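Chemist: Whatever this is, show me its structure:
(one chain, ligands or ions: 2)
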Amino acid sequence: MKISRIDMFQFDIPLEKPKRYPNRTYESLDDTIVRLETDAGLVGWGEVCPIASTYQPEHALGVRAAIEEMAPGLIGEDPTQTDRINATMNRWLMGGEYAKSAIDIACWDIVGKAYRRPLYHLIGGRMQQKARAYPEIEMGPPEIVKQRMSQYRAEGFTHFQVKAGRGSNFEQDIARIRMAGACIQPGETLVVDANKAWKTHEALRVLRLTEDVDFYIEQPCLTYDECLSIRQQVRQPMILDECMTDIQVLLRGLADNCFEGIGCKITRVGGITGMRLIRDVCTAAGKFMTVDDAWGADLSAAAQAHMSVSTPDATFAATYVSSYFSDMRYDEEAPEVVDGFLQPNEKSGLGVEPDMSVLGEPVRTFG
Ligand code: 0XW
Ligand code: MG
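Modeler: Residues are numbered from 1 along each chain as shown. Ligands and ions are numbered 1, 2, ... in the order given. A predicted model of the protein is given here:
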């Protein structure tokens with residue numbers, strides 16, 4: 001089987017409410033969808049939406065430029081030989097794992113269709129019936145934390161990620177953490193995510209003053225080395241997110257004993273292929289992970305659903321499903337969060353067939 005054509009679609013995903021990222025507030029997020037066509041008549045889909053250009057080095061225009069760079073090398077390649085596809089992409093472009101992820105995901109979609117199996121079946125099999133999903137609780141006064149936790153609990157969630165650091169101040173961060181600690185119930189999980197916003201002295205002060213509250217701290221500071229320094233000085237269990245970019249950082253983190261868990265975004269680590277490697281190493285090392293993505297819609301939700309249910313229960317913490325928090329559907333039968341849980345469907349591959357009238361015309365076609 002050979003890739004005969006690549007179509008690239010672009011659209012903006014409207015957000016339920018505007019999102020604040022460093023320096024900019026967004027009302028919608030720039031999304032790229034890739035459609036791979038094969039000479040066997042099978043079609044595969046992938047999606048990547050890196051949120052905002054000020055959140056992480058990955059950005060939407062970069063996705064499309066990188067795909068344009070690699071596309072000539074992919075035409076004629078067999079999409080079912082996924083490691084070979086990744087080797088080909090690496091020959092045409094250094095780095096850009098996030099852009100490569102869209103192609104990788106689309107290839108896995110084709111593998112599923114070729115073997116007539118849902119994707120989870122091909123990446124380890126069903127280890128969980130349904131995957132616990134989680135919401136993030138935005139910045140604002142502590143009352144917001146209380147309000148959102150009870151709202152989300154009523155919607156079926158039991159794992160809460162409370163934001164800290166961004167646009168806030170020292171006292172407010174502590175008050176938010178204390179409020180979350182007071183609201184959390186037995187059997188629930190509390191994560192405080194600073195999204196790399198604190199300087200090390202701020203992280204140290206906030207975390208030392210909240211040691212009596214039971215929570216995980218996620219990405220307190222910008223760099224891996226800053227997080228390692230904090231990890232060595234506080235008692236809260238550490239989750240690494242933004243700095244967990246690839247298998248090398250994961251191996252270093254294990255050697256340094258820098259974390260208990262990771263926040264892993266499928267498109268940041270190169271798609272299903274990169275994520276599966278990281279997941280399997282986490283499992284072997286006894287660490288846990290959230291199966292996330294930066295943002296996205298139905299295809300992203302499906303990729304997360306398959307990755308999540310094929311992750312062993314002990315490794316899997318929860319999944320953040322952005323389609324639950326924005327109003328963008330192009331396949332009404334795509335997996336979605338119901339009562340706090342996400343499940344893939346039983347169709348072959350990802351199980352999503354985008355409605356072409358929603359996607360519009362491709363912005364670029366290759367092949
Ligand atoms: C909660 N998330 C997975 C969604 C947003 O993309 C940010 C992110 C995080 O944990 O940083
Ligand atoms: Mg995070």
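Chemist: Which neighbouring elements make contact with whichever helix in the chain runs longest?
Modeler: As assigned by DSSP state H, the longest helix anywhere in the chain is helix 97-115. Judged by 3 or more C-beta pairs under 8 Å, 6 or more residues apart in numbering; DSSP states H and E, helix 97-115 is in contact with strand 24-38, strand 43-48, helix 60-74, helix 82-92, helix 119-122, helix 272-285. C-betas here are computed from N, CA, C, even on glycine.
Chemist: Just send those back as TSV, with mean pLDDT and distance to Glu138 too.
Modeler: Shown next, in TSV, are these (pLDDT from 0 to 100; distance: least, C-beta to C-beta, whole Å):
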stretch	mean pLDDT	distance to Glu138
strand 24-38	94	12
strand 43-48	98	24
helix 60-74	97	22
helix 82-92	98	36
helix 119-122	98	31
helix 272-285	98	26
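Chemist: which of those is buried the deepest?
Modeler: strand 43-48 (a mean of 27; mean count of other C-beta atoms under 10 Å).
Chemist: Excluding its own residues, what touches that strand? List them.
Modeler: Applying C-beta atoms under 8 Å, 6 or more residues apart in numbering, the external contacts of strand 43-48 come out as 31-38, 63, 79, 98-99, 101-110, 113, 267, 271, 296-300, 303, 349-350, 352-354.
Chemist: Could you list the contact residues of the stretch 151-300 of the chain toward ligand 2?
Modeler: By C-beta under 5 Å from the ion, the residues of the stretch 151-300 of the chain that approach ligand 2 are 193, 218, 241, 263.
Chemist: the helices in this protein, which residues?
Modeler: Along the chain, the segments classed as helices by DSSP H run 60-74, 82-92, 97-115, 119-122, 142-154, 170-183, 200-209, 224-231, 247-256, 272-285, 298-309, 356-359.
Chemist: which residues touch the residue of the stretch 201-350 of the chain found nearest ligand 2?
Modeler: Closest approach of the stretch 201-350 of the chain to ligand 2 (C-beta to the ion) occurs at Asp241, with a separation of 3.6 Å. Applying C-beta under 8 Å, 6+ apart to Asp241 gives the contacts 193, 195, 218-219, 262-263, 265.
Chemist: Not counting sequence-adjacent ones, nearest residue to it?
Modeler: Gly263 (3.3 Å; C-beta to C-beta, 6 or more residues apart in numbering).
Chemist: how close does that neighbour sit to Asp173?
Modeler: 19 Å (C-beta to C-beta, to the nearest Å).
Chemist: of the two, who's got more company?
Modeler: Neighbour count, other C-beta atoms under 10 Å: between Gly263 and Asp173, Asp173 has more, with 28 against 24.
Chemist: can you pull the contacts of the residue nearest to Gly349 when sequence neighbours are not counted?
Modeler: The shortest distance from Gly349 to any non-neighbouring residue, by C-beta to C-beta, 6+ apart, is to Gly112 (3.1 Å). Applying C-beta under 8 Å, 6+ apart, one finds that Gly112 lies in contact with 118-119, 121-122, 348-350.
Chemist: same question, Val234
Modeler: With C-beta under 8 Å, 6+ apart, Val234 has these contacts: 203-204, 207-208, 211, 217.
Chemist: Buried subset of those residues, written for ChimeraX?
Modeler: This is how ChimeraX selects the buried members of those, with burial counted by 16 or more other C-beta atoms under 10 Å:
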select :203,204,207,217
